[in-house]
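Chemist: Fold the following for me, if possible:
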Amino acid sequence: MTQTPIIILVHGFWGGAAHWAKVIVELTRLGHTSIKAVELPLTSLADDAERTRKMIAQESGPVLLVGHSYGGAVITEAGNQPNVAGLVYIAAFAPDAGESPGGITGKNPPLGAPNLAPDSDGYLWVKQDKFHESFCQDLTVDEGLVMGITQKAPLASTFGNEISNPAWKSKNSWYQISSDDRMIHPANQAWMSGRMNAKKVITLASSHASLASKPVEVSALIDEAAKYQ
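Modeler: As a prediction, the model looks like this:
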């Protein structure tokens, strides 16, 4: 990589692009001036990957994709574009071909799983009164309250959507494990990061919302990936 890439941030379930707020500020402090954040519909992996591909296609230079949570599945599916220089997974799903986020979750169900509730339209929510303890227990109660009320629920069927051609098999990758994660079991994160031959894997003592509770450390990993030659 000879040109500093444009960083495209991809959010996960139960949050939108604004979940990256603290990381955006920190990356800017580190000197990154080309940062974008995708707003996913969370209606299917195909829809979300296509939205991300369209963002990638707007860039003529190299792109570094950063995915949090389900956003990791999205960058795994969308990251095979020729100008994608690398992938960074932040407490994220990194499925192989034929695997789905739901299938991986079933290997080691996380502590927060009982706090998910579907509605009559097929969307899956984290119960508002359980959001803080499930998703972001290392943030303040007030931050958890806002995240819980503004959460962006996915269609539950998205959990079963499978990866076709995983980009981490051909792209340089980095991974951050959250050791206190209650939404994606840390054992699943260790397993996924261990098989991808990542350039670097770090573990943070953080909740699922490491992008908000540990933005300095998360941004440092993204910065390292962006500067990789």
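Chemist: all contacts plus neighbour counts: C-alpha atoms, from now on.
Modeler: Fine.
Chemist: which other residues reach the one helix or strand L27 maps to?
Modeler: Here L27 sits within helix 21-29, counting by DSSP states H and E. With C-alpha atoms under 8 Å, 6 or more residues apart in numbering as the test, helix 21-29 has contacts from I35, L211, A212, P215, V216, V218, S219, D223.
Chemist: Sort out for me which of those are in helices.
Modeler: Within those, residues falling in helices by DSSP state H are L211, A212, P215, V216, V218, S219, D223.
Chemist: Could you pull up the contacting residues of the first one?
Modeler: Under the criterion of C-alpha under 8 Å, 6+ apart, the contact list for L211 reads H19, W20, K22, V23, H68, I90, V218.
Chemist: one step back: let me know the closest of the contacts of helix 21-29 to A73.
Modeler: Of all these, A73 sits closest to L211, with 16.7 Å by C-alpha to C-alpha.
Chemist: Low-confidence regions, this protein specifically.
Modeler: 1-2, 229 (pLDDT under 70).
Chemist: tell me, what residue is most central in it?
Modeler: H68 (1.3 Å; C-alpha atoms, centre = their mean).
Chemist: Return the distance of the nearest residue to I222 once chain neighbours are set aside relative to Y123.
Modeler: Nearest non-adjacent residue to I222, counting by C-alpha to C-alpha, 6 or more residues apart in numbering: V88, 6.7 Å away. Between V88 and Y123 the computed distance is 27 Å (C-alpha to C-alpha, to the nearest Å).
Chemist: So those two - more neighbours on which side?
Modeler: V88 (30 against 17; other C-alpha atoms under 10 Å).
Chemist: what residue of this structure is the furthest out?
Modeler: S120 (26.5 Å).
Chemist: would that one count as being in a strand?
Modeler: No: according to DSSP: H, G, I helix; E, B strand; the rest coil, S120 belongs to no strand; its state is coil.
Chemist: Can you name the residues that contact it?
Modeler: Applying C-alpha under 8 Å, 6+ apart to S120 gives no contacts.
Chemist: Tell me how many other residues surround G98.
Modeler: Considering only other C-alpha under 10 Å, G98 is surrounded by 12 other residues.
Chemist: Check R29 too.
Modeler: The burial count for R29: 11, using other C-alpha under 10 Å.
Chemist: What segments of this protein are strands?
Modeler: Along the chain, counting by DSSP state E, strands occupy 6-10, 35-38, 63-68, 84-90, 116-118, 124-126, 172-178, 200-204.
Chemist: Adding distance to S100, write these out as JSON lines.
Modeler: JSON lines is the format used below for these (distance: least, C-alpha to C-alpha, whole Å):
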{"stretch": "strand 6-10", "distance to S100": "17"}
{"stretch": "strand 35-38", "distance to S100": "21"}
{"stretch": "strand 63-68", "distance to S100": "15"}
{"stretch": "strand 84-90", "distance to S100": "16"}
{"stretch": "strand 116-118", "distance to S100": "18"}
{"stretch": "strand 124-126", "distance to S100": "16"}
{"stretch": "strand 172-178", "distance to S100": "18"}
{"stretch": "strand 200-204", "distance to S100": "22"}
